[in-house]
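Q: what would the 3D arrangement of this be:
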Amino acid sequence: MKKKIFLYSLALAASMPVAAQETYENAKLTSSELNGTARYVGMGGAMEALGADISTIATNPAGLGLFRHSTISASGGMVSQYNGNSFDGANKTNASFDQVGGVYSMRTGAQNYLNFGFNYHKGRNFDYILNASGALNNASQNKQSYLKGVLGNEANGGFDVDKNSNGTYIGYEGPQSTYTALTWSQADYLYWNTVIPDANDGKFYYYDATGYNFNRKHTGYIGNYDFNISGNCSDFFYWGFTFGLKDVHYHGYSIYDETIADNKGNVKVLDQRDITGTGIDVSGGFIIRPIEDSPFRFGAYVKTPTWYDLTTKNDTYLKNNTTEGGTYDHGETYNSYDYKVYTPWVFGVSLGHTVGNYLALGATYEYEDFGSMKSRINDDDGYYDYYGGYYESSHNDRAMNNHTEKVLKGVSTLKLGLEFKPVSNFAFRLGYNYVSSMYDKSGMKDPCIASLGTSYQSATDYVNWNDINRFTCGIGYTVKKVNLDLAYQYSSQSGTFYPFSSLKAEDLTNYADGVKVKNNRGQLLMTIGYRF
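A: Predicted structure coming up:
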């Protein structure tokens with residue numbers, strides 16, 4: 001008979017005080033969204049050569065060099081998810097404050113300007129509800145943990161299970177080792193101390209499942225705070241540099257409910273994870289008019305990696321509702337650790353052209369190699385400078401970074417936009433924004449990587465998301481020094497959800513078919529600005 005009470009605080013933080021994160025968790029933080037002013041969004045973000053919009057501060061900083069008057073603006077609106085079911089009180093439609101900033105422009109010559117800008121914009125809105133369910137044929141989440149024990153040691157991607165001095169099952173590097181294997185995750189700990197050991201005979205068993213139901217709510221945001229200096233040289237060459245700060249606030253809560261075969265009940269895993277932290281980056285760019293008497297413009301820019309310092313906390317609870325087998329009715333593990341992630345470099349080129357004062361056309365191409373993203377492990381031996389400041393050193397998590405290079409790939413972003421003014425103070429805008437997939441279709445969340453990123457995993461699910469297609473439109477109206485802009489954006493993306501990765505050990509296999517999921521959103525955005 002299963003015992004009724006079991007509560008455990010995972011002691012990884014004491015034994016392994018440094019950590020890195022896992023590829024799919026990192027990917028949640030690295031991709032950005034199309035957001036900013038309503039004019040920028042309405043034109044699909046294709047303003048990196050046209051400039052004169054504060055949202056280009058985060059892409060091509062030279063865009064602020066085209067300002068000849070000081071300006072301030074603020075933007076906000078509503079974001080709606082068009083698919084999925086509500087879960088745990090999360091709403092599918094939410095208000096969003098998206099941008100506020102200003103540019104101070106001062107003349108330094110007859111046709112020369114020096115500008116200073118600051119802008120906040122929401123670089124990532126995490127509000128999203130993910131629902132997935134599917135059949136399982138001779139597979140289960142507990143079987144994945146069981147098979148890692150069959151693999152036997154860390155070198156093979158598994159671990160050797162034995163009790164420690166407290167009577168708790170731990171996965172060790174091998175039969176003769178007293179060190180916890182890096183492949184031993186928080187999820188493995190829960191299963192090996194609740195479901196897999198039988199309370200009656202002390203032997204180890206796995207339990208096949210017939211199906212699962214999964215729900216997760218994502219909330220939070222990444223706030224971008226950008227500081228810019230830019231200039232205009234004789235209406236011929238425009239330059240700019242931006243120093244960026246990022247503020248991360250992510251919260252995820254999920255329930256994974258697995259139905260055990262032969263009417264033997266179910267197992268539920270409730271997982272809550274919070275990620276907070278900061279990041280910094282620097283970008284620079286230019287815009288040039290190569291033909292003196294033509295308004296045609298060419299722009300180019302580069303952005304350094306964002307160097308993130310992050311903290312993640314999880315509280316994960318397993319409820320064992322099986323009718324036979326197992327040792328405990330429930331178990332809990334919680335943890336907190338610090339880590340670093342360095343995102344890829346970003347390179348972009350852009351074209352812009354105007355016809356008279358009634359038509360503007362823009363196009364931008366960006367490239368970002370997500371396979372080069374780096375997980376980094378914090379070292380114990382930080383150092384103090386002469387002024388008493390403490391600096392924490394780190395090194396690459398090679399095992400996880402090799403996995404990232406295989407699973408993630410280079411991403412191309414194409415932005416196209418136009419603005420038409422039938423009269424001088426009224427504008428129509430259209431845009432298209434395409435982002436290729438960052439995921440290899442055969443990629444998976446590998447549970448057998450000997451990495452601290454594996455050790456701290458508390459959930460086994462992952463999604464391989466496909467391309468993003470965004471369609472935008474908008475209008476703008478100007479009254480004296482005040483401008484009012486509206487934009488609508490529809491974003492469409494599909495993906496394949498997996499409850500756990502495929503795994504084989506000896507003659508046993510554990511495989512779950514992927515199921516299709518969607519992330520389709522609509523955004524209504526308004527900007528009010530003042531020029532002085």
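Q: every contact and neighbour count from this point should use C-alpha atoms.
A: Noted.
Q: now the helices for the stretch 1-150 of the chain?
A: Assigned helices in the stretch 1-150 of the chain, in chain order: 12-15, 23-30, 38-42, 141-151 (criterion: DSSP state H, counting those that start in this stretch).
Q: swap in the stretch 251-400 of the chain?
A: Per DSSP H, counting those that start in this stretch, the stretch 251-400 of the chain carries helices over the ranges 398-407.
Q: confidence score at the closest residue to N125 other than its chain neighbours?
A: What sits nearest to N125 in space, not counting adjacent residues and going by Cα to Cα, 6 or more residues apart in numbering, is Y221, at 4.6 Å. Note for Y221: predicted pLDDT of 96.
Q: give the burial count for Y488, as a bare number.
A: Using other Cα atoms under 10 Å, Y488 has 21 neighbouring residues.
Q: any idea how far T219 is from it?
A: 22 Å (Cα to Cα, to the nearest Å).
Q: now H353
A: Counting by Cα to Cα, the separation of H353 from T219 is 39 Å.
Q: try H121
A: Going from H121 to T219 by Cα to Cα gives 17 Å.
Q: those two: who's more crowded?
A: The residue with more neighbours, out of H121 and T219, is H121; 24 against 18, by other Cα under 10 Å.
Q: quick one: low-confidence ranges for the chain?
A: 1-20, 380-392 (pLDDT under 70).
Q: just the strands in the stretch 1-150 of the chain please.
A: 71-81, 93-107, 112-125, 128-139 (DSSP state E, counting those that start in this stretch).
Q: just the CA atoms of stretch 511-520, as CSV, please.
A: Output of stretch 511-520 as CSV, limited to C-alpha atoms (Å, rounded to 0.1, in the frame of the first residue of the first chain):
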residue,chain,number,x,y,z
TYR,A,511,7.6,7.0,-27.9
ALA,A,512,4.8,9.5,-28.1
ASP,A,513,3.4,10.9,-31.3
GLY,A,514,3.4,14.7,-31.7
VAL,A,515,0.2,16.6,-31.8
LYS,A,516,-0.5,19.9,-33.6
VAL,A,517,-0.8,23.1,-31.6
LYS,A,518,-1.3,26.7,-32.6
ASN,A,519,-0.3,30.2,-31.4
ASN,A,520,-2.5,32.6,-33.4
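Q: neighbouring contacts of it?
A: 81-84, 128, 130-137, 139, 490-503 (Cα atoms under 8 Å, 6 or more residues apart in numbering).
Q: at 7 Å instead, please
A: 81-83, 132, 134, 136, 139, 491-498, 502-503 (Cα atoms under 7 Å, 6 or more residues apart in numbering).
Q: same thing with stretch 202-210?
A: Everything outside stretch 202-210 that qualifies as a contact, by Cα under 7 Å, 6+ apart, is 135-140, 142-143, 146, 196-198, 258-261.
Q: quick check on these: which are buried?
A: The neighbour count (16 or more other Cα atoms under 10 Å) marks 135-136, 138-140, 142-143, 146, 196-198, 258-261 as buried among these.
Q: so the residue nearest to N125 sits right up against D247, yeah?
A: No - counting by Cα atoms under 7 Å, Y221 does not reach D247; the two are 8.2 Å apart.
Q: hmm, Q141 and Y191 touching each other?
A: No - here Y191 does not reach Q141: they are 8.8 Å apart, not a contact under Cα under 7 Å.
Q: pick the most buried one from the helices of the stretch 1-150 of the chain.
A: helix 38-42 (a mean of 31; mean count of other Cα atoms under 10 Å).
Q: winner for burial among the strands of the stretch 1-150 of the chain?
A: Among the strands of the stretch 1-150 of the chain, strand 112-125 has the highest mean neighbour count (mean count of other Cα under 10 Å), at a mean of 22.
Q: beta-bridge partners for F241, please?
A: Beta-bridge pairing of F241 under DSSP bridges involves I229, G284.
Q: typo on my end, F87
A: A90.
Q: now the strands for the stretch 401-532 of the chain?
A: 410-423, 426-435, 462-479, 482-498, 503-505, 508-510, 515-518, 521-531.
Q: need the residues that contact the second one.
A: Just to be clear, that refers to strand 426-435. Outside strand 426-435, the residues that touch it by Cα under 7 Å, 6+ apart are 42-44, 411-421, 467-478.
Q: returning to that earlier point: tabulate the strands of the stretch 401-532 of the chain in a markdown table, adding columns for distance to D315.
A: Output for the strands of the stretch 401-532 of the chain, formatted as a markdown table (distance: least, Cα to Cα, whole Å):
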| stretch | distance to D315 |
| --- | --- |
| strand 410-423 | 33 |
| strand 426-435 | 34 |
| strand 462-479 | 18 |
| strand 482-498 | 22 |
| strand 503-505 | 26 |
| strand 508-510 | 26 |
| strand 515-518 | 26 |
| strand 521-531 | 29 |
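Q: nearest to N232, out of those strands?
A: Checking those against N232 by Cα to Cα gives strand 521-531 as the closest, at 18.2 Å.
Q: picking that back up, tell me the backbone dihedrals of the residue nearest to N125, please.
A: Dihedral pair for Y221: phi -160, psi 170, per degrees, to the nearest 10.
Q: contacts only, for it.
A: By Cα under 7 Å, 6+ apart, the contact set of Y221 is 122, 124-126, 248-250.
Q: switch the cut-off to 6 Å
A: Neighbour list for Y221: 124-126, 249 [criterion: Cα atoms under 6 Å, 6 or more residues apart in numbering].
Q: and if you look at S73?
A: If you count contacts by Cα under 6 Å, 6+ apart, S73 has them with 100-101, 528-529.
Q: name the pair among the residues you listed with the greatest separation in space.
A: G101 and I528 (11.1 Å).
Q: count residues in the vicinity of the nearest residue to Y367 once chain neighbours are set aside, would you?
A: Using Cα to Cα, 6+ apart and skipping the chain neighbours, the partner closest in space to Y367 is S412 (4.8 Å). By other Cα under 10 Å, the residues close to S412 number 18.
Q: distance of S412 relative to N263?
A: Using Cα to Cα, S412 is found at 48 Å from N263.
Q: ok, now S140?
A: Between S140 and N263 the computed distance is 14 Å (Cα to Cα).
Q: same check on S55?
A: Separation of S55 from N263 (Cα to Cα) stands at 57 Å.
Q: and the two? which has more neighbours close in?
A: The neighbour count for S55 versus N263, taken as other Cα under 10 Å, is higher for S55 (29 against 11).
Q: which non-adjacent residue is nearest that one?
A: Of all residues not flanking S55 in the chain, G36 sits nearest, at 5.5 Å (Cα to Cα, 6+ apart).
Q: next: L190.
A: Leaving aside its chain neighbours, L190 sits nearest to G331 (6.1 Å; criterion: Cα to Cα, 6+ apart).
Q: now the farthest one out in this protein, which residue is it?
A: When distances to the mean C-alpha position of the chain are computed (Cα atoms, centre = their mean), the maximum falls on A110, with 45.6 Å.
Q: could I have stretch 76-88 exported to CSV, CA atoms only?
A: Coordinates of each C-alpha in stretch 76-88 appear next as CSV, following Å, rounded to 0.1, in the frame of the first residue of the first chain:
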residue,chain,number,x,y,z
GLY,A,76,-0.8,50.4,-25.6
GLY,A,77,-3.7,48.2,-26.6
MET,A,78,-5.1,44.7,-26.4
VAL,A,79,-3.6,41.3,-27.3
SER,A,80,-5.9,38.3,-27.9
GLN,A,81,-5.2,34.6,-28.4
TYR,A,82,-7.5,33.1,-31.1
ASN,A,83,-7.0,29.4,-30.2
GLY,A,84,-7.0,27.3,-27.1
ASN,A,85,-9.1,27.0,-23.9
SER,A,86,-8.9,29.1,-20.8
PHE,A,87,-6.9,27.5,-18.0
ASP,A,88,-6.3,28.3,-14.3
